[in-house]
Each structure stands twice: as C-alpha cells, then as structure tokens.
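Student: Could you work out the structure for the sequence below:
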Amino acid sequence: MRSILLILFLILIFPESNAQRKADLGIIGGGAYYMGEINMARHFYKPSPVYGAMARYNFNPRNSLRFHLMYGSLKGDDLDFNNDFQQARGANFKTTMLDMSLNMEFNFFPYETGRLRKEKYTPYATAGMGYSHVFDTEKQGSVALIFTGGAGFKMNVTKTISTGVEWSFRKTFNDLYDGIENPGPDYTTFYHNNDWYSTVGIFVTYKFLRYLYECPAYE
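Tutor: Now for the predicted structure:
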C-alpha cells in the first residue's frame, strides 16, 4: 500500500517539459458486483453503489498511469440460485470494501486530455494491481491483493474536462468476500476457489496541470 501511494506522489510532483504529458484528477461513480462460489456466472448480479477518486498521468498519447481509490459493497445469497446444492447450503454475505489500485491504460487511438479536434477520444484497455481492504465485521482489517483488468472509452468535453465509462474486473487471491473456503467437490475448481468482483462506472476528470507551450493550431 505504501509503495502505491509513493508512486502516486511522485507522479503528481514530477516536472515534465514535454507538452503532451498531462495529469488529471477525477471522480468515479457506478456499481459493483461479486462473482465467486455463490454467483458463478451471472454478470451484474446484485449491483451495489461504488464511488471514489482517481489520478492519472499521461505519458504520451498512447499510455497513461492511473491510481484508483473506490469505496463500496458486495453481496450475494445462495437462495437467489436455483440449484439443490446452493439451496441446501443457504450461504449469504454482505461486505464493505475499499479498493486501491495502480493501473496502466493503453489507448487504441492517440489521445490527449484537452484536445478538442484531434486526439479527442479513444477506447482503451487497462491492467494493473492493488489492494482491497475488507471492512466486514468478521473480517475487520483484512487486506486482499488484487489483479485488475478492463476496458473503457474516454473523451474530452472541454480543454480541462474529460469523461468516460469503464468496465473492469478484480481477481482476488482469497475468500474474504463471501467467506466460503471449501464449497464442495463439484465447485472447487471454479475460479480456483477465490473471489472476483467487477465494477462498471462513469468518471469525470479535470486536467489540473496545463503547459504554456501548446500549439493553438493543433487544438
């Protein structure tokens, strides 16, 4: 966790003379849903609100580094699924979590925040890693390592404001979320008996470092 925060700090204070390198701050809102031993295949199952903040540093029109901080909850219930094993087990949970991750963004088109003619929008892919802190009363203080991956679309609205949408997945390496460690012989191979969760959200960012030597003709 300390290493992620240190990298974020260095990103925000590191000076750069290249006019194509920009930094953004933004807010995120959307929904999160769980997949694991209870929900094994149903996307957008019991979505719960998530919200948070992000900081992004754009190295060039193709690559960016982004820090994510999101807060929300996940939930699941065996009784929502029509199979004998889950109906008999009757497990359920609701967990609150804080998600922190550092991700690389790979733009499919050249993109730069603030441009309104060229390089104005792009689909992108993202991948990274981070931590998820679980606040459930029975697992208070538990921290899970997560690998992240996803895709999205972003575009500039003004010279300082951009917006976008993203769908991303988090793979964890434990069962902190649903609390089911040994689901049974017919289910143990699913996702290697570890939990996943996904977020779908909208973000708005503000370009807070603008450089003085941008070419007006390029705008």
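
Student: Assumed residue 94 was part of a strand.
Tutor: Yes: applying DSSP: H, G, I helix; E, B strand; the rest coil, one finds residue 94 inside a strand.

Student: thought it was touching residue 74?
Tutor: Yes: contact criterion C-beta atoms under 8 Å: residue 94 and residue 74 qualify, at 7.4 Å. All C-beta spots, glycine's among them, are computed from the backbone N, C-alpha and C.

Student: the more surrounded of these two?
Tutor: Neighbours were counted for residue 94 and for residue 74 using other C-beta atoms under 10 Å; residue 74 has more, 28 against 14.

Student: Which strand residues bridge that one?
Tutor: In this entry, residue 74 is beta-bridged to residue 95, by DSSP bridges.

Student: In this structure it contacts residue 48, no?
Tutor: Yes: contact criterion C-beta under 8 Å: residue 74 and residue 48 qualify, at 6.4 Å.

Student: Spit out the residues that contact the two alike.
Tutor: 32, 33 (C-beta atoms under 8 Å, 6 or more residues apart in numbering).

Student: Residue 70 - how many residues pack around it?
Tutor: By other C-beta under 10 Å, 23 other residues sit near residue 70.

Student: Quick check: the gap between it and residue 195.
Tutor: Residue 70 is 16 Å from residue 195, where distance means C-beta to C-beta, to the nearest Å.

Student: Where do the strands of this protein begin and end?
Tutor: 22-35, 48-58, 63-77, 92-107, 121-134, 142-156, 161-172, 196-209 (DSSP state E).
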